[in-house]
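>>> Any chance you could fold what I've pasted below:
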Amino acid sequence: MNISSAKHLTPESSHLHAYQYDPKAHVLTVWFRNRQTWAYRYAGVPGEVFEALHEAERKGRFFCQHIRDVYDFALHSRDAPSALLTCNGDTRK
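Take a look at the predicted model:
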């Protein structure tokens, strides 16, 4: 996959509903099946990590082992696109 053209992807995964990667900003956005109204945006994710996630047979497992507790994230509501919630609950606009 060419990460410069990565768009909104819907993987075959029991945990991940969808994800997308911004190669210029190194931001991985993930939607989970049980929380589809929230987007988790992980900052500083290298393209190689995104490629490995995309190629992983078990994407949920790869995400938990290599992304979830490694990169900082902000929680973004689809209902309020200008409001970002950080992992500690602070609101940013």
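>>> hey, where'd the helices end up in the chain?
With DSSP state H, the ranges of helices along the chain come out as 47-55, 59-66.
>>> Would you reformat these as CSV and include mean neighbour count?
C-beta: built from backbone N, CA, C; applies to glycine. Shown next, in CSV, are the helices of the chain (neighbours: other CB atoms under 10 Å):
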stretch, mean neighbour count
helix 47-55, 16
helix 59-66, 16
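>>> Output those as a markdown table; include the columns mean pLDDT and distance to Ala25.
Listed next are the helices of the chain as a markdown table, based on pLDDT from 0 to 100; distance: least, CB to CB, whole Å:
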| stretch | mean pLDDT | distance to Ala25 |
| --- | --- | --- |
| helix 47-55 | 93 | 11 |
| helix 59-66 | 92 | 19 |
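>>> Would you tell me which of those helices gets closest to Ser13?
helix 59-66 (4.3 Å; CB to CB).
>>> elements contacting that closest one?
Other elements packing on helix 59-66 under the criterion 3 or more CB pairs under 8 Å, 6 or more residues apart in numbering; DSSP states H and E are strand 16-22, helix 47-55.
>>> May I ask which helix or strand of the protein has the lowest mean pLDDT?
When each helix and strand of the chain is scored by mean pLDDT, DSSP states H and E, strand 84-86 comes last, with a mean of 36.
>>> count of residues packed around Arg35?
By other CB atoms under 10 Å, the residues close to Arg35 number 12.
>>> any idea how far Glu51 is from it?
Distance check for Arg35 against Glu51: by CB to CB, to the nearest Å, it reads 25 Å.
>>> and the top strand by length along the chain, which strands flank it?
Secondary structure of the chain per DSSP state E: the longest strand is strand 35-43. Paired strands of strand 35-43, with direction, are strand 27-32 (antiparallel), strand 73-77 (antiparallel) (DSSP bridges).
>>> what's next to it, contact-wise?
With contact meaning CB atoms under 8 Å, 6 or more residues apart in numbering, strand 35-43 is reached by 17, 25-32, 67, 71-79, 84.
>>> do that again at 10 Å, thanks
17-22, 25-32, 49-50, 63, 67-68, 70-79, 81, 84-85, 87 (CB atoms under 10 Å, 6 or more residues apart in numbering).
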